[in-house]
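# Sequence and predicted structure are below.
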Amino acid sequence: MCIEHLTAKELSQRWHISPCTLERWRREGLGPQFLKVGQRILYRIRDVQAYEQKRSFNGNGQPAGEEKPCQSH
């Protein structure tokens, strides 16, 4: 069985942040998209991975996948 969702607790463990941080992000409209099913908060794995990808940077501080523009001398 393929896991397609994470609970807020599982995501907080994945990112080593407090569940309260995720709760605050939800209130402020930050963080990855989430689902509310009854009282449960769930995060789709694909949304978490997309959020992580948007915040992925290379060693030069450039977004991952983008090359630094060439500078001519």
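Thanks, I have the structure now. For clarity, every value in this text was computed on a predicted model and none was experimentally measured. Numbers count the residues shown, from 1 in each chain.
# switch to C-alpha atoms for all contacts and neighbour counts from now on
Noted.
# residue ranges for the strands of the chain, please.
5-7, 35-37, 40-44 (DSSP state E).
# Could I get those in CSV, plus columns for mean neighbour count?
Below are the strands of the chain laid out as CSV (neighbours: other Cα atoms under 10 Å):
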stretch, mean neighbour count
strand 5-7, 17
strand 35-37, 10
strand 40-44, 16
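# mind checking which of those is nearest residue 56?
strand 40-44 (18.6 Å; Cα to Cα).
# Compute the distance from the centre of that closest one to the centre of its chain.
13 Å (Cα atoms, centre = their mean, to the nearest Å).
# Going forward, the N-terminal residue is numbered 2.
Yes, from this point I'll number from 2; that puts the last item at strand 41-45.
# and that strand, which strands flank it?
strand 6-8 (antiparallel), strand 36-38 (antiparallel) (DSSP bridges).
# Provide a list of residues in contact with residue 45.
With contact taken as Cα atoms under 8 Å, 6 or more residues apart in numbering, residue 45 is in contact with 5-7, 34-36.
# try 6 Å
Applying Cα atoms under 6 Å, 6 or more residues apart in numbering to residue 45 gives the contacts 5-6.
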